[in-house]
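Colleague: Just to be clear, the model below is a prediction. Sequence and coordinates:
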Amino acid sequence: MRVGVVLPIGEEDDGVPSYAAIRDVALAVEAGGFDSVWVFDHLLYRFEGETSGIHECWTVLSAIAEATSRVQLGTIVMCTAFRNPALLAKMAATLDDVSRGRLILGVGTGWHEPEFDAFGFPFDHRVGRFEESLAVITGLIRTGRADLEGRWVTVRDVVLRPPARADMPILVAAKGPRMLDLTARHADAWNAAWFGLPDERLAGRRQDLADACERVGRDPATLSITVGLTVRYPEMLPASGDAPTSPALGGSAEEIAAGLRAHDAAGADHAIVVLEPCTPDTVGLLAEAVRAFRAG
């Protein structure tokens, strides 16, 4: 099982990290022997009237592509509502070339309605819009051409030149029946998040995915499984507010390694870790756990 880390591009207690701080984390991830770095795609967060910020993910990932040399670069996940799908495919082809073939293109519908409203993107018919966008993206990545007169998306004889790497992995984050069917039909990888140890919720989602594969006639073994995990170091979090209660792995390096082994045994191909907090120091602590996992 591969292991990656989500970069801290969003606002924390002390503000939005600078690019220099994000880059330091990415370099620590690469030096620590991890397999990948990932970025969230949001424009802002707004909960209960409070707004917090985040960097634009593609700009950051493009810079990280140049700063690093080995780790895969993933989006978890790009909201197809925020960018024209043909342009997104062209952006992906360019970043993949910059990174010398290291991009994992993760896409999804988006879910945080306040950012749609704030930036003027439609929030209705998200799955229908995503289906049309995915058809354009996969067509351009896989064949270099797309032509679609859809209800929401129109492209006419669009050509991707220079072409994308045709085997660039396309990942879809999905849990509803329609989204799972689209994943089973078109994606190379699927993501479910966020978890600590494997639980009934994850097992249920895995079964839903298997059912979708059966509906569309796909062997589920041909679909890579990625699982979003939280690894928390409470003693290193700021001593303010309520302690987090969401599921997470924690404890010693061996305890976290045992959690990684449990996900490996449950069939995960790639663990994508949100670190709380995410700093070069906690990346180093997680690297110890990953070494123990790989040694065990």
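Modeller: Done, it's in.

Colleague: Which parts of the stretch 1-150 of the chain are strands?
Modeller: Along the stretch 1-150 of the chain, the stretches classed as strands by DSSP state E, counting those that start in this stretch are 2-6, 36-39, 45-47, 50-52, 72-75, 78-79, 103-108, 145-149.

Colleague: roughly how far out does whichever strand or helix holds L260 sit from the chain middle?
Modeller: Per DSSP states H and E: L260 is located in helix 253-265. Chain-centre distance of helix 253-265: 21 Å, with Cα atoms, centre = their mean, to the nearest Å.

Colleague: Any regions of the stretch 101-250 of the chain where pLDDT drops low?
Modeller: For the stretch 101-250 of the chain, the stretches with pLDDT under 70 are 241.

Colleague: for it, what spans make up the helices?
Modeller: Using DSSP state H, counting those that start in this stretch, the helices of the stretch 101-250 of the chain run over residues 113-119, 126-143, 177-186, 200-216.

Colleague: To D13, which of those lies closest?
Modeller: Proximity to D13 (Cβ to Cβ) singles out helix 113-119 among the helices of the stretch 101-250 of the chain, at 20.7 Å. For the C-beta atoms, the positions are set from N, CA and C on the backbone; glycine is no exception.

Colleague: For the closest one, which outside residues touch it?
Modeller: Helix 113-119 is contacted by residues 42-47, 81-82, 110, 121-123 when judged by Cβ atoms under 8 Å, 6 or more residues apart in numbering.

Colleague: try it again with 10 Å
Modeller: 42-47, 49, 51, 54, 79, 81-82, 110, 112, 121-124, 126 (Cβ atoms under 10 Å, 6 or more residues apart in numbering).

Colleague: what comes up buried for that helix?
Modeller: For helix 113-119, the buried set under the neighbour-count rule, 16 or more other Cβ atoms under 10 Å, comprises 115-116.

Colleague: Alpha carbons only: can I get it in PDB?
Modeller: This file holds the C-alpha atoms of helix 113-119, laid out as PDB (Å, rounded to 0.1, in the frame of the first residue of the first chain):
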ATOM      1  CA  GLU A 113     -22.400  25.200  -1.200                       C
ATOM      2  CA  PRO A 114     -21.200  28.500   0.400                       C
ATOM      3  CA  GLU A 115     -18.100  28.600  -1.900                       C
ATOM      4  CA  PHE A 116     -20.300  28.000  -5.000                       C
ATOM      5  CA  ASP A 117     -22.600  30.800  -4.000                       C
ATOM      6  CA  ALA A 118     -19.700  33.200  -3.100                       C
ATOM      7  CA  PHE A 119     -17.900  32.600  -6.500                       C
END
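
Colleague: Tell me the gap between it and the middle of its chain.
Modeller: 20 Å.

Colleague: Not including adjacent chain positions, what is the nearest residue to the spatially most central residue of the chain?
Modeller: Residue closest to the mean C-alpha point of the chain, counted by Cα atoms, centre = their mean, is I76 at 1.6 Å. Excluding its sequence neighbours, the residue lying closest to I76 (Cβ to Cβ, 6 or more residues apart in numbering) is W38, at 4.6 Å.

Colleague: any idea of the mean pLDDT in the helix holding L260?
Modeller: For helix 253-265, mean pLDDT rounds to 98.

Colleague: Does anything pack onto it? Which helices or strands?
Modeller: strand 2-6, strand 224-232, strand 270-276, helix 280-295 (3 or more Cβ pairs under 10 Å, 6 or more residues apart in numbering; DSSP states H and E).

Colleague: Any chance of JSON lines for the strands of the stretch 1-150 of the chain, columns mean neighbour count and distance to A86?
Modeller: Listed next are the strands of the stretch 1-150 of the chain as JSON lines, based on neighbours: other Cβ atoms under 10 Å; distance: least, Cβ to Cβ, whole Å:
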{"stretch": "strand 2-6", "mean neighbour count": "23", "distance to A86": "27"}
{"stretch": "strand 36-39", "mean neighbour count": "26", "distance to A86": "21"}
{"stretch": "strand 45-47", "mean neighbour count": "13", "distance to A86": "28"}
{"stretch": "strand 50-52", "mean neighbour count": "11", "distance to A86": "31"}
{"stretch": "strand 72-75", "mean neighbour count": "24", "distance to A86": "17"}
{"stretch": "strand 78-79", "mean neighbour count": "26", "distance to A86": "14"}
{"stretch": "strand 103-108", "mean neighbour count": "26", "distance to A86": "13"}
{"stretch": "strand 145-149", "mean neighbour count": "15", "distance to A86": "7"}
